[in-house]
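*Asks:* okay, sequence plus prediction incoming.
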Amino acid sequence: MAKWQRLTPSQRRRKLDVNNAWRRRNRDTVRAWGRRLYRKHATKRKAYSHRYYWQMVSTDPSYRRRMNTKAKKYYEANRRRWTSNILRRSYGITIDEYEELFLKQQGRCGICRQSPGSKALAVDHCHKTGKVRGLLCTLCNLGLGNLRDDPKLLRAALKWLR
C-alpha cells in the first residue's frame with residue numbers, strides 16, 4: 001500500500017492544503033516545470049494522440065459515425081453562434097450586420113445579382129484594410145480572389161474577353 005493511502009482523510013486534506021499553498025507561493029517554479037516537461041515529451045504526446053486518433057478513425061466505423069452524429073447535432077444546435085463567431089473573427093462583423101447586408105442586397109450577389117440558392121453568400125472584404133465590401137456568390141468571390149483583388153488584372157481580363 002502506498003504511503004498516501006495510509007493517511008487518514010483529515011491527514012490527506014491537510015497534506016493537500018500544504019501542497020496547494022506551496023504551489024501558490026511558487027507558481028512560477030511550477031509553471032517552469034510544467035513547460036519543461038511539456039516540451040520534453042512533445043513528440044511522445046503528439047505521436048500518441050495522432051496514433052490514437054487514426055486508430056479510432058480509420059479502424060472503427062462506429063466511432064466515426066458517433067463522432068459525426070455528435071458534431072452534426074452540436075452544429076445544428078449552435079449554428080447561429082458558430083456562424084457569428086466565424087464572422088466576428090474573420091471579418092469583424094456580427095451576424096446581425098451580415099443579415100443587414102443580405103437584406104440590403106435583397107439576398108443576391110453584389111456582382112452577378114444571382115441568388116445563391118441554398119448556399120450562403122460569401123463576405124467580400126479588402127485584404128489590405130479588412131473593410132467589408134459586401135456579399136458575393138462563390139463564383140464571383142473566387143473570381144475576384146483569383147484576380148488578387150487587382151483592378152488592373154480585372155481590366156486586362158475584361159480586355160481579353162472582348
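*Replies:* Cool, the structure landed.

*Asks:* other SSEs contacting the helix or strand of the chain with the lowest mean pLDDT?
*Replies:* Across the helices and strands of the chain, mean pLDDT, DSSP states H and E gives its lowest value to helix 42-59, namely a mean of 77. Under the contact criterion of 3 or more C-beta pairs under 8 Å, 6 or more residues apart in numbering; DSSP states H and E, the helices and strands touching helix 42-59 comprise helix 61-77. (C-beta placed from N, C-alpha, C; glycine too.)

*Asks:* can you give me the helices in the chain?
*Replies:* When secondary structure is read from DSSP state H, the chain shows helices at 9-25, 27-40, 42-59, 61-77, 79-91, 95-104, 138-146, 151-161.

*Asks:* low pLDDT regions in the chain?
*Replies:* When residues are selected by pLDDT under 70, those of the chain lie in 1-5.

*Asks:* ok, residues contacting stretch 112-130?
*Replies:* Residues from elsewhere that reach stretch 112-130, judged by C-beta atoms under 8 Å, 6 or more residues apart in numbering: 87, 90-93, 98, 102, 105, 107-110, 131-141, 144, 149.

*Asks:* separate out the buried members of these.
*Replies:* If you count burial by 16 or more other C-beta atoms under 10 Å, the buried members of the contacts of stretch 112-130 come out as 87, 91, 93, 98, 108-110, 132, 134-137, 140-141, 144.

*Asks:* got the domain ranges for the protein?
*Replies:* Structural domains assigned to the chain are 46-76, 78-161, following automatic domain parsing.

*Asks:* possible to save those domains as JSON lines with distance to residue 40?
*Replies:* What follows is the domains of the chain, written out as JSON lines (distance: least, C-beta to C-beta, whole Å):
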{"stretch": "domain 46-76", "distance to residue 40": "13"}
{"stretch": "domain 78-161", "distance to residue 40": "33"}
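
*Asks:* return the most buried member of those.
*Replies:* Looking across the domains of the chain with neighbours counted as mean count of other C-beta atoms under 10 Å, the highest average goes to domain 78-161: a mean of 13.

*Asks:* next, the distance between the ends of that domain.
*Replies:* Taking C-alpha to C-alpha, to the nearest Å as the measure, domain 78-161 stretches 45 Å from start to finish.

*Asks:* could you do stretch 90-106 as well?
*Replies:* Stretch 90-106 has an end-to-end distance of 23 Å (criterion: C-alpha to C-alpha).

*Asks:* thinking again about what came up before, any chance of the helices of the chain in CSV, plus distance to residue 126?
*Replies:* Supplementary listing: the helices of the chain in CSV, determined by distance: least, C-beta to C-beta, whole Å:
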stretch, distance to residue 126
helix 9-25, 49
helix 27-40, 39
helix 42-59, 38
helix 61-77, 30
helix 79-91, 11
helix 95-104, 15
helix 138-146, 11
helix 151-161, 12
